[in-house]
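Asker: Below: sequence and its predicted model.
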Amino acid sequence: MTIAALVIGVLLTAMAFMVPPFYRAMTRRGEEPQVPARPEYVVRLTGIHAAEWGEGQVDTRKGQEFLPGQSLKLQKGVAELTFDSGARVVLQGPAVFEVRDANSGQLATGSLTAFAPQEAKGFSIFTPSARVVDLGTEFGVEVAEDAASDVVVLDGEVECFRRDAEGNELGSVRLTKGQGASVSADGSKLVKREEVG
């Protein structure tokens with residue numbers, strides 16, 4: 001037997017004796033070896049029509065799940081997202097949308113329509129200058145390239161808050177079916193309006 005083989009044999013024997021006591025010590029303290037937790041997906045892509053995705057977009061197919069903080073860059077077409085809360089968002093390209101959590105998302109640019117059933121009451125859409133909170137409704141949001149936001153209520157009721165660049169909420173207005181609001185890019189102005197048609 002060579003010296004190298006002898007050294008390897010001694011090391012393997014030593015390791016074999018070290019691992020069991022370490023494992024027993026961990027389990028004696030009530031600790032289990034760490035198993036990576038399953039990611040907490042909160043949104044699923046439930047519909048796509050003629051969708052073209054932006055450069056660098058993650059694998060995007062029907063059934064794809066998304067974590068908080070993940071973004072979708074839709075260049076063209078339509079994509080439907082269903083949140084764990086039961087709320088649904090239909091994005092119309094071009095649009096950039098970020099998943100915030102199981103009951104909210106952020107529209108950076110573009111337009112969407114949100115449908116929130118009773119169990120998803122409180123569902124929120126953030127924009128650079130506004131936050132729209134569902135009070136049991138269907139509503140549309142559009143964000144211009146300069147970050148100005150427009151909201152229209154298609155059914156039910158929402159509360160629309162204006163926000164500054166730091167995300168501070170500066171005031172709000174309650175909107176019902178047929179009403180809308182415009183929020184300036186810096187959040188300094190919030191104008192309620194009656195929709196025509």
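Answerer: In hand now; what should we look at? Residues are numbered from 1 along each chain as shown.
Asker: the strands in this structure, which residues?
Answerer: Counting by DSSP state E, the segments of the chain that form strands are 43-53, 65-66, 71-83, 88-101, 104-116, 124-126, 130-134, 137-143, 149-155, 157-163, 169-176, 179-183, 190-194.
Asker: Nearest residue to residue 193 in space, please, no chain neighbours.
Answerer: residue 180 (5.1 Å; Cβ to Cβ, 6 or more residues apart in numbering). (Each C-beta comes from the backbone N, C-alpha and C, glycine too.)
Asker: quick revisit: nearest to residue 37, out of the strands of the chain?
Answerer: strand 65-66 (15.0 Å; Cβ to Cβ).
Asker: how far does the closest one sit from the chain's center?
Answerer: 9 Å (Cα atoms, centre = their mean, to the nearest Å).
Asker: ok, now stretch 160-171?
Answerer: 19 Å.
Asker: Pull the residues that contact it.
Answerer: If you take Cβ atoms under 8 Å, 6 or more residues apart in numbering as the criterion, stretch 160-171 is touched by 126-133, 151, 172-175, 181, 183-184, 186-190.
Asker: Could you do stretch 47-60 as well?
Answerer: Residues outside stretch 47-60 that contact it (Cβ under 8 Å, 6+ apart): 45, 61-62, 64, 70, 72-80, 90, 93, 96.
Asker: Emit the ChimeraX select command for whichever of those residues are buried.
Answerer: Only the buried entries of those go into this ChimeraX selection, using 16 or more other Cβ atoms under 10 Å:
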select :45,64,72,73,74,77,78,79,80,90,93,96
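Asker: Report the beta-bridge partner residues of residue 130.
Answerer: Residue 130 has the following beta-bridge partners by DSSP bridges: residue 162.
Asker: just checking, it touches residue 147?
Answerer: No: here residue 130 lies out of contact with residue 147, judged by Cβ atoms under 8 Å, at a distance of 9.5 Å.
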